[in-house]
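*Asks:* predicted model, plus sequence, below.
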Amino acid sequence: MTYTRVALVFGGLAVVALCVLGAIGFKPAIAVLVTVALLVLFVAAGNLISGRPGQPRFARPRDPDPEPASGAPGDPPATGAP
């Protein structure tokens, strides 16, 4: 059994337990159920609104010929005083 299935089973049991607690009159369980339902709704709506990921609008062009930071590769480092 994979961890995903275990998580789904325990999550389902937690939702059922919260529903039972809400049905018998435990008020904080109802608040938790409403909060979880709203979070799921907001995530689903955000995924629908955002659509497919695409290219960024203003992509930075690549520099075809970058200059080296300091001199040629074989030059010794500068010491600061001549």
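*Replies:* That came through fine.

*Asks:* any buried residues in the helix or strand containing Ala7, and which?
*Replies:* Secondary-structure assignment from DSSP states H and E places Ala7 in helix 3-23. By 16 or more other Cβ atoms under 10 Å, the buried positions in helix 3-23 come out as Leu18, Leu21, Gly22. Heads up, the C-betas are built off the backbone N, CA and C, glycines and all.

*Asks:* next, the contact list for the closest residue to the first one other than its chain neighbours, please.
*Replies:* Excluding the flanking residues, the one nearest Leu18 by Cβ to Cβ, 6 or more residues apart in numbering is Ala29, at 4.8 Å. Applying Cβ atoms under 8 Å, 6 or more residues apart in numbering, we find Ala29 in contact with Leu18, Cys19, Leu21, Gly22.

*Asks:* okay but the last one is in contact with Pro28, surely?
*Replies:* Think Gly22. No. Under the criterion of Cβ atoms under 8 Å, Gly22 makes no contact with Pro28, lying 9.0 Å away.

*Asks:* re earlier: helices or strands up against the helix holding Ala7?
*Replies:* Judged by 3 or more Cβ pairs under 8 Å, 6 or more residues apart in numbering; DSSP states H and E, helix 3-23 is in contact with helix 27-50.

*Asks:* show me what counts as buried in the worst-scoring helix or strand of the chain on mean pLDDT.
*Replies:* Scoring the helices and strands of the chain by mean pLDDT, DSSP states H and E places helix 27-50 at the bottom, with a mean of 90. For helix 27-50, burial by neighbour count (16+ other Cβ under 10 Å) applies to Ala29.

*Asks:* okay, that helix in PDB with CA atoms only?
*Replies:* Provided in PDB are the C-alpha atoms of helix 27-50 (Å, rounded to 0.1, in the frame of the first residue of the first chain):
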ATOM      1  CA  LYS A  27     -20.100  23.100  17.000                       C
ATOM      2  CA  PRO A  28     -16.300  23.400  16.400                       C
ATOM      3  CA  ALA A  29     -16.400  20.400  14.000                       C
ATOM      4  CA  ILE A  30     -18.800  22.300  11.800                       C
ATOM      5  CA  ALA A  31     -16.500  25.300  11.700                       C
ATOM      6  CA  VAL A  32     -13.600  23.000  10.700                       C
ATOM      7  CA  LEU A  33     -15.700  21.300   7.900                       C
ATOM      8  CA  VAL A  34     -16.700  24.700   6.500                       C
ATOM      9  CA  THR A  35     -13.200  26.000   6.600                       C
ATOM     10  CA  VAL A  36     -11.800  22.900   4.800                       C
ATOM     11  CA  ALA A  37     -14.600  23.000   2.200                       C
ATOM     12  CA  LEU A  38     -13.800  26.700   1.500                       C
ATOM     13  CA  LEU A  39     -10.100  26.000   1.100                       C
ATOM     14  CA  VAL A  40     -10.800  23.300  -1.400                       C
ATOM     15  CA  LEU A  41     -13.200  25.500  -3.300                       C
ATOM     16  CA  PHE A  42     -10.600  28.400  -3.400                       C
ATOM     17  CA  VAL A  43      -7.800  26.100  -4.600                       C
ATOM     18  CA  ALA A  44     -10.100  24.600  -7.300                       C
ATOM     19  CA  ALA A  45     -11.200  28.100  -8.400                       C
ATOM     20  CA  GLY A  46      -7.600  29.300  -8.500                       C
ATOM     21  CA  ASN A  47      -6.600  26.400 -10.700                       C
ATOM     22  CA  LEU A  48      -9.500  27.100 -13.100                       C
ATOM     23  CA  ILE A  49      -8.800  30.800 -13.300                       C
ATOM     24  CA  SER A  50      -5.000  30.500 -13.800                       C
END
